[in-house]
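Student: Build me a structure from this.
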Amino acid sequence: MTRKERDNRRTDQAWNKVYHRLEKDGLLTCKEKEGVIPYGDIPRLTTRKIVLLGLQVAAIISFFLIIHFNRTEEEADRPLLTRQNTETTTLATTLEDGSIVYLAGNAAIRYPEHFQPDKREISLQGNALFDIAGNRQRPFLIETEDARIEVLGTAFNIKSDGFQPFELSVQRGLVKVTLKKSGQDVHVKAGETVTVSSRKLQVIQTKDSGQFDEYVRQIRFKDERLADILRVINLNTGDISLKTTPELANRTLTVTFDNNSPESIAELLCFALNLKSTRINNVITLHKN
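Tutor: Predicted coordinates for the structure are as follows:
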């Protein structure tokens, strides 16, 4: 049920309560009971009736003020944020739940600062690669112009820039895609791609497996936590991993890496933040001087 439908139901319930109360107190004429009140035929009310009717109207106003206040308070807890990539390089963003979104050029997402307890909802405009943190109790829902996507924990690429038909390719995991216009839904697994053909969803084998790598060749971070930057880097590099000490985890940074090795990334971060690095086997740790 939509919010509008819920509000309409509440409105009907409120007016029904008032109607029955007025009927019980003898404040309705026969025409009002029959639901027919000709224009200009306003029933004459005594002072007592006017007072009682005023109390009922005040109750209705209070009822809707409470609904509006609660809804406003609920929405205030989850203000929508917008992250837009205005450049050609990939913009990597880590969401509250640990999910990572790689936005292609001219792509944008809208998402709440804090997800709801039972679901994680965002909207996408343009092309993006998603690496979703698994949580079966809180499905991840993505709204695009053509389709709705539901995932539990997986990685996939969405193309919805308006210049080509909607397309989704799954790198790993399982994704449910629902076409908005027809309500048709399909499940797409790793190695498969779903497209829109003749207004229907069609699942085929993924032809371009290199499309996922295109997002991570040149990655840009804007005001991201150092801990999140290192996590993204580690997911897309080889055997060498980067880490930092706890007191540096929340340091924010805006930086771009262009197909850099983990060693060169560590050097760049140390230079930018005035840090030092220590390597033990295949782990490079960033720490204060």
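
Student: Which residue ranges of the stretch 151-289 of the chain form strands?
Tutor: 155-159, 167-172, 174-179, 185-189, 192-197, 200-205, 218-225, 241-244, 252-258, 275-280, 283-288 (DSSP state E, counting those that start in this stretch).

Student: and among the ones you listed, the most buried is which?
Tutor: Counting by mean count of other CB atoms under 10 Å, strand 155-159 has the highest mean neighbour count of those, with a mean of 23. C-betas here are computed from N, CA, C, even on glycine.

Student: what angle do that one and strand 192-197 make?
Tutor: 20 degrees (axes from the mean of the first three to the mean of the last three CA atoms, to 10 degrees).

Student: nearest to residue 118, of the strands of the stretch 151-289 of the chain?
Tutor: Closest of these to residue 118 is strand 174-179, at 16.7 Å (criterion: CB to CB).

Student: Pull up the pairing partners for that closest one, direction included.
Tutor: According to DSSP bridges, strand 174-179 forms sheet pairs with strand 147-151 (antiparallel), strand 185-189 (antiparallel).

Student: For stretch 96-113, list every residue counted as buried.
Tutor: Neighbour-count burial for stretch 96-113 flags 99-104, 106-109, 111-112 (criterion: 16 or more other CB atoms under 10 Å).

Student: Inside helices: which ones of those residues?
Tutor: Using DSSP state H to define helices, no part of those is located there.

Student: could you dump those to TSV with pLDDT and distance to residue 278?
Tutor: Output for these, formatted as TSV (pLDDT from 0 to 100; distance: CB to CB, whole Å):
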residue	pLDDT	distance to residue 278
99	96	30
100	97	26
101	98	31
102	97	30
103	97	33
104	96	36
106	94	40
107	97	37
108	97	39
109	97	36
111	96	36
112	93	38
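
Student: Arrange these in TSV, one row each, with distance to residue 141 as further columns.
Tutor: Shown next, in TSV, are the buried residues of stretch 96-113 (distance: CB to CB, whole Å):
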residue	distance to residue 141
99	12
100	17
101	14
102	18
103	18
104	21
106	23
107	18
108	17
109	12
111	11
112	12
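
Student: now residue 253, nearest residue through space, not along the chain?
Tutor: Nearest residue to residue 253 in three dimensions, chain neighbours excluded: residue 226, at 6.0 Å (CB to CB, 6 or more residues apart in numbering).

Student: I'd like the distance from the nearest residue to residue 283 once chain neighbours are set aside to residue 116, if you could.
Tutor: Excluding the flanking residues, the one nearest residue 283 by CB to CB, 6+ apart is residue 241, at 5.6 Å. Distance check for residue 241 against residue 116: by CB to CB, to the nearest Å, it reads 33 Å.

Student: And residue 131, by the same measure?
Tutor: Counting by CB to CB, the gap from residue 131 to residue 116 is 21 Å.

Student: quick one on the thing from earlier: output the strands paired with strand 174-179 as TSV; include the columns mean pLDDT and distance to residue 168.
Tutor: Converted to TSV, these look like this (pLDDT from 0 to 100; distance: least, CB to CB, whole Å):
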stretch	mean pLDDT	distance to residue 168
strand 147-151	96	7
strand 185-189	97	6
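
Student: Those: which one's closest to residue 171?
Tutor: The nearest among those, by CB to CB, is strand 185-189 at 10.5 Å.

Student: tilt between that closest one and strand 167-172?
Tutor: With the same axes, to 10 degrees as the basis, strand 185-189 and strand 167-172 are set at 40 degrees to each other.

Student: ok now strand 185-189, how far from the chain's centre?
Tutor: 20 Å (CA atoms, centre = their mean, to the nearest Å).

Student: Residues contacting that strand, please?
Tutor: For strand 185-189, contacts defined as CB atoms under 8 Å, 6 or more residues apart in numbering pick out 156, 168, 170, 173-179, 194, 201, 203.

Student: With pLDDT and distance to residue 212 as added columns, please give those residues in JSON lines.
Tutor: Formatted as JSON lines, the contacts of strand 185-189 follow (pLDDT from 0 to 100; distance: CB to CB, whole Å):
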{"residue": "156", "pLDDT": "96", "distance to residue 212": "9"}
{"residue": "168", "pLDDT": "97", "distance to residue 212": "12"}
{"residue": "170", "pLDDT": "97", "distance to residue 212": "10"}
{"residue": "173", "pLDDT": "94", "distance to residue 212": "13"}
{"residue": "174", "pLDDT": "95", "distance to residue 212": "16"}
{"residue": "175", "pLDDT": "96", "distance to residue 212": "14"}
{"residue": "176", "pLDDT": "97", "distance to residue 212": "20"}
{"residue": "177", "pLDDT": "97", "distance to residue 212": "18"}
{"residue": "178", "pLDDT": "97", "distance to residue 212": "23"}
{"residue": "179", "pLDDT": "96", "distance to residue 212": "24"}
{"residue": "194", "pLDDT": "97", "distance to residue 212": "16"}
{"residue": "201", "pLDDT": "96", "distance to residue 212": "21"}
{"residue": "203", "pLDDT": "97", "distance to residue 212": "18"}
